[in-house]
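Student: Please find the sequence and the predicted model below.
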Amino acid sequence: MGEQEQQTGWGFETRAIHTGQAPDPASGAVVPPITLSTTFAQEGVGVHKGYEYSRSANPTRAALETCLASLEQAAHGLAFASGLAAEDNIIRVLHQGDRVLLGNDAYGGTFRLISKVWSPLGFPWSAVDLTDVDALAVNWPPDTRMVWLETPTNPLLTCVDIERIAELAHLHGALVVVDNTFATPYLQQPLRFGADIVVHSATKYLGGHSDVVGGFVALDDLELAQRLRFTQNAAGAVPAPFDCYLLLRGVKTLALRMDRHCANARAIVDLLVGHRAVDRVFYPQLPDHPGHRAAARQMRDFGGMVSFTMRAGEAAALDVVTRTELFTLAESLGAVESLIEHPGRMTHASAAGSPLQVPAALVRLSVGIESSADLVADLAQALDRFV
Ligand SMILES: *Cc1c(COP(=O)(O)O)cnc(C)c1O
């Protein structure tokens, strides 16, 4: 399998519900069956229905791959056991000596994978400010074969101009990988702006319910897709059929959820911007946010992640994250329930002392899809203690 369905003229919401998910011809089941079988009967040697062994291909995974590829409007899609497994699979297309250029605020796990796993094997890397394209054009490291960018980034919601980076990278023969986890294909489709490969932690918004770990890769280039498909099977970091089912179930409501995440985030930003306990607010919709122009160009809306600094400093930030009731103090993001965390001591603790270090007074919110008035009231009572 692996060849994706013909693109239909369906809209995003329709594709999320129907693409790759036609009723099962054997039973009429409206929901794609969770096919647990590890092996598939062959009529003759090598004569089969496209499935031989579940690591190589599985019907539930094929449904997920077809659906998610259609959401990114990509020709090919590959599902993995986690976002990092997907990333690892992508890096395997490089050859020893090929440099990876990544944003200086890359996701910590990406940074760890490249700097601690691949770098000792002879894969050099540089962390740079991808928002300063002019400086990058002047100081382009000549052995760069892959640019790895996130937009918006975590936790300061920095936005990178995908089109400008892609132009520069292609001039130098480098591939552009965009981690689209924060935006999702509903808000941003990087392939349309020249990216070569899109990668997701499906654990976040795609799954959307904090109950499945998964990864996904989407791309148009057939030769590159075949290499990734080879490594997906050869290295074997594939998702379980049940996980594929949970992801398919999750993405059916992706558009609805993202609209609500964005609307709720706006209500929270309105509270934060006017609040005396708050110093800076980071949200790409704000006109003074450095990523505003890039975000407005390449995103449909501005997402559900919001960060802010407490005027009273780190102690206040560490305290306020324990004072909310609906915002649960926890890592991760992108699900229906609202979460709050202190990046400096939690998600970004390992970045202390490095260029990736985040402000100590920073608080990060993953704004969920609860009633916005309840979320605003919950955060307001927590903040009001600090004025
Ligand atoms: C969570 C995350 C990852 C890693 O994905 P896992 O599913 O946890 O392996 C990669 N990139 C971003 C932006 C993430 O938020």
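Tutor: Sure, I can see it.
Student: What are the phi and psi values at the closest residue to Leu271 other than its chain neighbours?
Tutor: Nearest residue to Leu271 in three dimensions, chain neighbours excluded: Val376, at 5.2 Å (Cβ to Cβ, 6 or more residues apart in numbering). Quick note: C-beta positions are derived from backbone N, CA and C, even for glycine. Phi and psi for Val376, reported as degrees, to the nearest 10, are phi -60, psi -40.
Student: ditto for the one 4 residues further on
Tutor: Dihedral angles of Ala380 (phi, psi; degrees, to the nearest 10) stand at phi -60, psi -50.
Student: count of residues packed around it?
Tutor: 15 (other Cβ atoms under 10 Å).
Student: Repeat that for Pro141.
Tutor: Quick note: Pro141 (other Cβ under 10 Å) scores 15 neighbours.
Student: Which strand or helix spans it?
Tutor: Using DSSP states H and E, Pro141 sits within no helix or strand.
Student: so what's the closest residue to the ligand within the stretch 51-200 of the chain up against?
Tutor: Nearest residue of the stretch 51-200 of the chain to the ligand: Gly83, at 2.3 Å (Cβ to the nearest ligand atom). When contacts are counted by Cβ atoms under 8 Å, 6 or more residues apart in numbering, Gly83 touches 109, 181, 199-204, 213-215.
Student: Tell me how far the residue nearest to Leu271 lies from the ligand.
Tutor: Going from Val376 to the ligand by Cβ to the nearest ligand atom, to the nearest Å gives 25 Å.
Student: Gly274 is in contact with that residue, correct?
Tutor: No: counting by Cβ atoms under 8 Å, Val376 sits too far from Gly274 to count as a contact (11.4 Å).
Student: Just want to know which of the two has more residues nearby.
Tutor: A count of neighbours by other Cβ under 10 Å puts Val376 above the other of Val376 and Gly274, at 16 against 9.
Student: Please tell me how far the more buried one sits from Ser115.
Tutor: As judged by Cβ to Cβ, to the nearest Å, Val376 and Ser115 stand 40 Å apart.
Student: Kindly report the same for Tyr283.
Tutor: 29 Å.
Student: a strand runs through Glu163, doesn't it?
Tutor: No: the assignment for Glu163 (DSSP: H, G, I helix; E, B strand; the rest coil) gives helix, which keeps it out of a strand.
Student: Can you report how many residues neighbour the closest residue to it other than its chain neighbours?
Tutor: Distances taken as Cβ to Cβ, 6+ apart put Phe193 closest to Glu163, at 4.4 Å, once the chain neighbours are dropped. Neighbourhood size, Phe193 [other Cβ under 10 Å]: 20.
Student: check contacts around Phe193.
Tutor: So Phe193 contacts 162-163, 166, 298 (Cβ under 8 Å, 6+ apart).
Student: which residue sits closest to the residue of the stretch 151-300 of the chain found nearest the ligand in space, ignoring its chain neighbours?
Tutor: Here the stretch 151-300 of the chain gets closest to the ligand at one residue, Ser201, 3.0 Å apart by Cβ to the nearest ligand atom. Distance criterion Cβ to Cβ, 6+ apart; nearest residue to Ser201, sequence neighbours excluded, is Gly83 at 2.9 Å.
Student: Report the next helix or strand after the helix or strand of the chain with the lowest mean pLDDT in sequence order.
Tutor: Every helix and strand of the chain was ranked by mean pLDDT, DSSP states H and E. The lowest is helix 108-112, at a mean of 92. Downstream of helix 108-112, the next assigned helix or strand under DSSP H and E is strand 125-128.
Student: which other helices and strands contact the following helix or strand past that next one?
Tutor: Using DSSP H and E, the helix or strand that directly follows strand 125-128 along the chain is helix 133-138. Helix 133-138 sits against helix 162-171, with contacts defined as 3 or more Cβ pairs under 8 Å, 6 or more residues apart in numbering; DSSP states H and E.
Student: Name the residues of stretch 279-290 that are buried.
Tutor: 279-286, 289 (16 or more other Cβ atoms under 10 Å).
Student: So which of these belong to strands?
Tutor: Within those, residues falling in strands by DSSP state E are 279-282.
Student: Next, count neighbours for whatever residue of the stretch 251-387 of the chain ends up closest to the ligand.
Tutor: Distances between the stretch 251-387 of the chain and the ligand by Cβ to the nearest ligand atom are smallest at Leu333, namely 6.4 Å. Look at Leu333: counted by other Cβ under 10 Å, it has 25 neighbours.
Student: The lengthiest helix in the chain - what's its average pLDDT?
Tutor: The longest helix of the chain (DSSP state H) is helix 254-273. The average pLDDT within helix 254-273 is 98.
Student: Does anything pack onto it? Which helices or strands?
Tutor: Using 3+ Cβ pairs under 8 Å, 6+ apart, helix 254-273 is in contact with helix 12-18, helix 184-187, strand 278-282, strand 305-310, helix 372-384.
Student: Need the residues that contact it.
Tutor: If you take Cβ under 8 Å, 6+ apart as the criterion, helix 254-273 is touched by 12-13, 16, 71, 184-187, 205-206, 208, 278, 281, 283, 285-286, 301-306, 308, 336, 338, 365, 367-370, 372-373, 375-376, 379-380, 383.
Student: Secondary structure class of Pro23, three-state.
Tutor: coil.
Student: and it, what are its phi and psi?
Tutor: When quoted as degrees, to the nearest 10, the phi and psi of Pro23 stand at phi -50, psi 140.
Student: any idea of the pLDDT on the closest residue to Gly368 other than its chain neighbours?
Tutor: Leaving aside its chain neighbours, Gly368 sits nearest to Ser338 (3.7 Å; criterion: Cβ to Cβ, 6+ apart). With respect to pLDDT, Ser338 scores 98.
Student: wait, what's in contact with Ser338?
Tutor: Counted by Cβ under 8 Å, 6+ apart, Ser338 has contacts 264, 326-328, 365-368, 370, 375.
Student: Noted, bye for now.
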